[in-house]
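Chemist: Fold the stuff below for me.
(one chain, ligands or ions: 1)
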Amino acid sequence: MKEEWAGIGDAIVGFMGSYGVPPTGMACAPGRLNLIGEHIDYCGLTVLPMAIRRSVWVAFAPGDSSRVRASTSVQGLEPCQFDAGPAIEPGPPGDWGNYVKAAVRTLVEERREPSRGLDLYIASDLPVAAGLSSSSALVVAVALAFMWVNRDSSAPRFSLDLPGRRAALAERLAIGERFVGTAGGAMDQGASLLGVAGHALAMDFRPLRAQAVRFPPDWRVVVAHSGDSAEKSGAAQEAYNRLTKNASAAADSVSAKLRDRGSVPRQNRWSTDGGLASYPRLFKGTSARRLIDLAESILSEEQLRSFRHIGTEHCRVRAMLCALGDEDLTAAGDLMNASHASLRDDLAGSTPALDSLVDRARSAGAAGARLTGAGMGGCAIALCHRTRVDDVLSTLRAFEDEVDAPRVGFAARPSWGARVRDVESADLSPV
Ligand code: NG1
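Modeler: Residues are numbered from 1 along each chain as shown. Here you go, the predicted model:
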């Protein structure tokens with residue numbers, strides 16, 4: 001049994017306990033960390049995430065009707081159920097069942113025939129609300145389970161063998177996940193479906209595509225929790241959506257100014273998000289520095305901060321691709337430090353605990369450190385040479401204990417993307 005299935009045993013045991021029969025299928029979907037390129041996926045700009053071994057595992061079996069039932073071993077989360085029919089309504093904000101519904105609803109809407117329901121049991125070793133994309137991993141794993149049980153009648157094309165299919169699915173699920181109320185980008189679903197062991201992913205959007213970029217084998221990324229929860233419902237969700245609105249308005253104003261000056265941007269054929277869709281073209285035509293200078297004269301303070309972060313982060317992603325190619329750890333670390341400063345100062349995306357965590361990591365020998373994911377709490381990542389990993393890891397674990405954070409601390413490994421299969425065909429012997 002491959003390592004990516006490490007937690008499926010818990011899901012299978014949980015399934016039998018909840019439903020009294022063994023499951024017929026199993027799916028796993030990894031979380032991700034984002035090396036660099038934060039808060040720019042919804043602008044359609046390149047980001048550099050990697051899938052990690054920590055995952056969501058789902059044991060499942062088809063139901064007799066269109067009923068979907070989901071239970072989980074994650075503490076404090078009650079079972080949920082609903083019909084895989086035409087009108088799936090969200091539960092209250094923050095309800096975990098909304099992610100299950102988001103996956104099923106996306107797929108039900110694409111089908112011409114009634115859908116078969118399923119029973120699901122979910123296990124995970126991804127910390128929740130921690131910036132490691134536990135929510136999108138859940139959406140992806142449930143989607144694969146749903147597609148698997150409905151594959152005979154309505155999805156003859158079901159196959160995840162081609163990267164294009166995985167990318168298209170990630171794009172649809174990203175739009176579907178907005179059902180929970182967050183106007184997110186597609187990085188998380190993309191990383192979970194397209195992950196490649198030993199590689200980061202240079203991911204572009206509209207349409208979503210990812211190129212595997214070799215991650216130097218001597219480099220390590222240590223992940224640790226700040227102790228602050230980054231729950232994306234309520235205030236954090238509003239803050240996230242406000243960032244996307246600022247980004248969109250800033251692009252509109254800068255594009256209008258360029259148009260006034262006689263350089264009319266062409267319509268982007270992937271345009272579905274108004275101003276956000278113009279970013280790739282904006283930064284392709286003109287240097288980010290010049291655009292930021294221009295923005296200084298026309299944008300409000302809040303929009304300017306947003307635009308400056310986007311422009312400088314875009315440049316940092318480009319520079320990180322060179323640093324990875326050159327295996328230049330110092331340059332890569334500096335870029336991560338600069339990214340953290342930009343997220344902290346321009347986007348107000350950090351917290352004092354995240355700032356302390358990245359400071360500790362650097363003092364312990366990391367080349368660079370930054371928050372990862374949406375921020376406003378959750379995890380930080382620290383980049384270091386493998387010879388420093390023990391020092392960095394023990395320092396960050398000590399920090400977690402000190403602030404009473406969830407004990408997350410681990411050294412991540414870039415991993416393969418999501419999988420689904422029949423239980424029967426699986427070799428369930430230990431790894
Ligand atoms: P997390 O860390 O999972 O909350 C969110 C968005 C990403 C991206 C990052 C910031 C979702 C599902 N994910 O990630 O698309 O915008 O923030 O870079 O909304």
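Chemist: What residue in the stretch 101-250 of the chain comes nearest to the ligand?
Modeler: Closest to the ligand within the stretch 101-250 of the chain is Gly184: 2.1 Å, counting by Cβ to the nearest ligand atom. Using the backbone N, CA and C atoms, a C-beta is placed for each residue, glycine as well.
Chemist: Distance of Asp401 relative to the ligand?
Modeler: Per Cβ to the nearest ligand atom, to the nearest Å, Asp401 is found 24 Å from the ligand.
Chemist: And the helix or strand that contains that residue, what's buried?
Modeler: Using DSSP states H and E, Asp401 sits within helix 389-402. Across helix 389-402, burial judged by 16 or more other Cβ atoms under 10 Å covers 389, 391-393, 395-397, 399-400.
Chemist: what do you get for stretch 334-350?
Modeler: Using 16+ other Cβ under 10 Å as the test for burial, stretch 334-350 gives 334-340, 342-344, 346-347, 349-350.
Chemist: Is the ligand within reach of that stretch?
Modeler: No: taking Cβ under 6 Å from any ligand atom as the criterion, stretch 334-350 and the ligand are apart, separated by no less than 8.4 Å.
Chemist: Give me the contacts around that stretch.
Modeler: With contact meaning Cβ atoms under 8 Å, 6 or more residues apart in numbering, stretch 334-350 is reached by 35-36, 38-39, 243, 305-306, 308-309, 312-313, 316, 319-320, 323, 354-355, 358, 362, 367-371, 374-376, 380-381, 383.
Chemist: Contacting the ligand as well, which ones from those residues?
Modeler: Within these, those near the ligand by Cβ under 6 Å from any ligand atom are 38-39, 374.
Chemist: pLDDT-wise, what's the bottom of those residues?
Modeler: Taking those together, the minimum pLDDT is found at Ala374 (95).
Chemist: Low-confidence ranges, this protein, go.
Modeler: Across the chain, the ranges flagged by pLDDT under 70 are 1, 152-159, 161, 263-274, 426-431.
Chemist: domain parsing for the protein?
Modeler: Domain assignment for the chain, taken from automatic domain parsing, gives 2-214+414-422, 224-412.
Chemist: Highest mean neighbour count out of the ones you listed?
Modeler: Each of the domains of the chain was scored by mean neighbour count; the highest is domain 2-214+414-422, a mean of 21, by mean count of other Cβ atoms under 10 Å.
Chemist: tell me which parts of the stretch 1-150 of the chain are close to the ligand?
Modeler: 34, 38-39, 41-42, 131, 133, 135-136.
Chemist: Sitting in strands, which of those do you find?
Modeler: The strands, defined by DSSP state E, take in Asn34 from these.
Chemist: before we move on, the earlier item: with just CA atoms, put the helix holding Asp401 into CSV.
Modeler: Taking C-alpha atoms only, helix 389-402 is exported to CSV below (Å, rounded to 0.1, in the frame of the first residue of the first chain):
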residue,chain,number,x,y,z
VAL,A,389,15.8,20.6,9.7
ASP,A,390,16.1,19.2,13.2
ASP,A,391,17.0,22.6,14.7
VAL,A,392,14.2,24.4,12.9
LEU,A,393,11.6,21.7,13.7
SER,A,394,12.4,21.4,17.4
THR,A,395,12.3,25.2,17.7
LEU,A,396,9.0,25.5,16.0
ARG,A,397,7.5,22.6,18.0
ALA,A,398,8.7,24.3,21.2
PHE,A,399,6.9,27.5,20.0
GLU,A,400,3.7,25.5,19.4
ASP,A,401,3.9,24.2,23.0
GLU,A,402,4.6,27.6,24.4
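Chemist: hmm, back to that, list the residues that contact the residue of the stretch 101-250 of the chain closest to the ligand.
Modeler: Applying Cβ under 8 Å, 6+ apart to Gly184 gives the contacts 41-42, 174, 177-178, 240.
Chemist: Can you classify it as helix, strand or coil?
Modeler: Using DSSP: H, G, I helix; E, B strand; the rest coil, the structure places Gly184 in coil.
Chemist: Cheers, nothing more for now.
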